[in-house]
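Peer 1: This is the structure alone, sequence omitted:
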């Protein structure tokens, strides 16, 4: 065995006492666990292994610390740019961050003293001795100088911290990005069906309580890979389980004032399990103590200590097909830090003092663990955060995903946390990703708000982009020019540390006449793997659309509407067709046919190709899109029939095909689309009758069929469309009596046009519309 370095001997000697105490404590704990009635020998061994693991970690740190610094110093002497270990970087940034507190406190203290002396000076009168008056005035001047120095010092301290954070992010951002890719690869192995089963199971065991009208909630649309904000309007009918809700609607139409709000005109019926209500959950009260007090914290920790073994016992009793991992009680400094940073100092909001993890081999095991938790008599789930949901933004956790469950241990009433995740997630985490995450989190590098630039691209903003501190850029109506974009902005975006995920520029008049290929050149190849949203609408861009078909592999949204872009949509599938959810190319000059690869874009939810020069038939394969919601192809030169396969799109909400040259009849299969809100087929060459099956579209609000060659009678079944507000039938060949008896149930109908037909009962329709208008 080689000779132990002198420095290492000192380090071992210095920590020998602490190591010995820890080992003795571990043995004593082991015996105590074994002696406890009701606990198995296996559980005792498991807890001992946890303590031994912590012990070995400390020993490894002691044995390697001096050697690490010696080796590191040798490397630095050879190359000053040698990477500094994460723990040293974090400690350095932490010290600079901590220094801001005293600096800011000093400003507050000197301001207080200055105000007091300034008040004293204002009260001085001529009859007071000159010595007292001049000394007080001198003290005020001295304090004002001190205050200026204190503010300068606080500003410089903050700048030093910000500068160090920027340097750290430049060092670690690429590692965090690649960690996130590894996590995402693991997550993708679950597949859509398994993700759906997991989401359904989470919702079943967690979303069970009653919700009152007016409560703001989140709708879980696993099929659309999204969570939607809503407000409850009505409770379920007796013995029912479906709530009425109004959905929050954003404003995306150009030339329309931005005024997002709940759409009270539309009411959706949603089962309870698909409604997430994130009501506040807190630890129990401690003898009416202030939850911000140290006394409360001590009482809560005492309860946690007394609950830990019972919590472990309850988890073991689940007999779950997963490996349980117990990490012991959360450390006091971290509890205090978490309460201060996230909960305004409230200790009762810290719910993970007692915590454990179930490590699952696959998605089936995840579902099994959740089902067993839902049936447990010892643990009651009170809240769940499903970070294995495809809509979860994993950037805030560095890409890591799990399910966080807050459970009440029934024997003590203490709230604990159970994490359910995949073995491979933990493998990535333990392979260095957690160290990257911890360092980045310590400097606020994962905070979504701080990683978003919303406004102009200033020099400071460009520096942040270059250092990898920005993941989203939102610039509405920015004054950016093509020269800046190709110059300073391009340089920042091409930095190795930059891994931008969203770029949204709209109304940028400085980009008019810029070629799309040049615009794309500032993004590729550097951002080909990271960019998920590319939005450049109403910017005056021109050029050929084909230049965006290759290079991007992760795009979820491509929005280039209201420009002057031409060319043809690519015949071959783009590199992003398997990830795209929103394809918006409306109001351009694109010609040619709609390519059939769109039918293979299985995540596509919104397709906007309106107001172009498209020709040919609407592909039958659009009916293969299981998540399609919005199909907007109006104002083109499309011919042929409307595909009957669209009836397979159960999620379809809007069909807009007006102002084309479509022929044939209206597919009866559209009656299968129960979520259809708007059908706009006017100004085509459609023939035949209105299919009675459209009465099955119970969410229908607008039906526009004007200026076609439709004939026959108006089907009475439309009277079952209780949400119908606008019915446009003018300039067709309809005949017969308007089914006014059935239409009496259309209490929301405010507009019905029927000129240019041979219909009877028009006066009664006018009376109906007048009734509905006066009632509203």
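Peer 2: Noted; the coordinates are in hand. All figures in this text were calculated on a predicted structure; none of them were measured in a lab.
Peer 1: Quick one: the helices in the stretch 1-150 of the chain, in order.
Peer 2: With DSSP state H, counting those that start in this stretch, the ranges of helices along the stretch 1-150 of the chain come out as 6-35, 41-78, 86-122, 130-188.
Peer 1: mind listing the strands for the stretch 551-700 of the chain?
Peer 2: Across the stretch 551-700 of the chain, reading from the start of the chain, the strands by DSSP state E, counting those that start in this stretch fall at 557-559, 564-566, 582-584, 591-592, 606-608, 613-616, 630-632, 637-638, 654-656, 663-664, 678-680, 685-688.
Peer 1: The last one packs against which elements?
Peer 2: Read it as strand 685-688. Contacts defined by 3 or more Cβ pairs under 8 Å, 6 or more residues apart in numbering; DSSP states H and E place strand 685-688 against strand 663-664, strand 709-712. All C-beta atoms are positioned from the backbone trio N, CA, C, and that covers glycine.
Peer 1: again with the second one
Peer 2: Strand 564-566 is packed against strand 542-544, with contacts defined by 3+ Cβ pairs under 8 Å, 6+ apart.
Peer 1: Can you say which of the strands of the stretch 551-700 of the chain is nearest to residue 509?
Peer 2: Evaluated with Cβ to Cβ, the strands of the stretch 551-700 of the chain place strand 564-566 nearest to residue 509, the distance being 13.3 Å.
Peer 1: What segments of the stretch 251-400 of the chain are strands?
Peer 2: Taking DSSP E, counting those that start in this stretch as the criterion, the stretch 251-400 of the chain contains strands spanning 261-262, 268-271, 275-276, 323-326, 355-360, 379-386.
Peer 1: count of neighbours near residue 721?
Peer 2: The local packing count at residue 721 equals 24, with neighbours defined by other Cβ atoms under 10 Å.
Peer 1: and the nearest residue to it once chain neighbours are set aside, how far is that from residue 373?
Peer 2: Nearest non-adjacent residue to residue 721, counting by Cβ to Cβ, 6 or more residues apart in numbering: residue 700, 4.5 Å away. Look at residue 700 and residue 373: by Cβ to Cβ, to the nearest Å, they are 41 Å apart.
Peer 1: show me where the stretch 501-650 of the chain has helices.
Peer 2: Under the criterion DSSP H, counting those that start in this stretch, the stretch 501-650 of the chain carries helices at the ranges 516-521.
Peer 1: so where's the chain shaky on pLDDT?
Peer 2: Low-confidence segments of the chain, defined by pLDDT under 70, are located at 1-68, 208-210, 221-226, 238-240, 250-260, 265-266, 273, 278-279, 477-479, 775-776.
Peer 1: Can you tell me, leaving aside adjacent residues, what's nearest to the residue most central in space within it?
Peer 2: Relative to the mean C-alpha position of the chain, the nearest C-alpha, by Cα atoms, centre = their mean, is the one of residue 393, at 3.6 Å. For residue 393, ignoring the flanking residues on the chain, the nearest one in space by Cβ to Cβ, 6+ apart is residue 448 at 7.0 Å.
Peer 1: What about that neighbour, how many residues nearby?
Peer 2: Summarising burial for residue 448: neighbours were counted as other Cβ under 10 Å, giving 11.
Peer 1: That one touches residue 454, doesn't it?
Peer 2: No - with contacts counted by Cβ atoms under 8 Å, residue 448 stays clear of residue 454, the gap being 11.5 Å.
Peer 1: From residue 416, how far off is residue 326?
Peer 2: Counting by Cβ to Cβ, the gap from residue 326 to residue 416 is 11 Å.
Peer 1: Mutual contacts of those two, please.
Peer 2: Between them, residue 326 and residue 416 share the neighbouring residues residue 356, with contact defined by Cβ atoms under 8 Å, 6 or more residues apart in numbering.
Peer 1: Looking at the two, which is more packed in?
Peer 2: Shown here are residue 326 and residue 416; by other Cβ under 10 Å, residue 416 has more neighbours (25 against 18).
Peer 1: so the more buried one is in which element?
Peer 2: According to DSSP states H and E, residue 416 maps onto strand 415-422.
Peer 1: I'd say residue 405 and residue 380 touch.
Peer 2: No - in this structure, residue 405 sits apart from residue 380 without contact. The criterion is Cβ under 8 Å, and the distance is 10.4 Å.
Peer 1: Between those two, which is the more surrounded one?
Peer 2: residue 405 (24 against 15).
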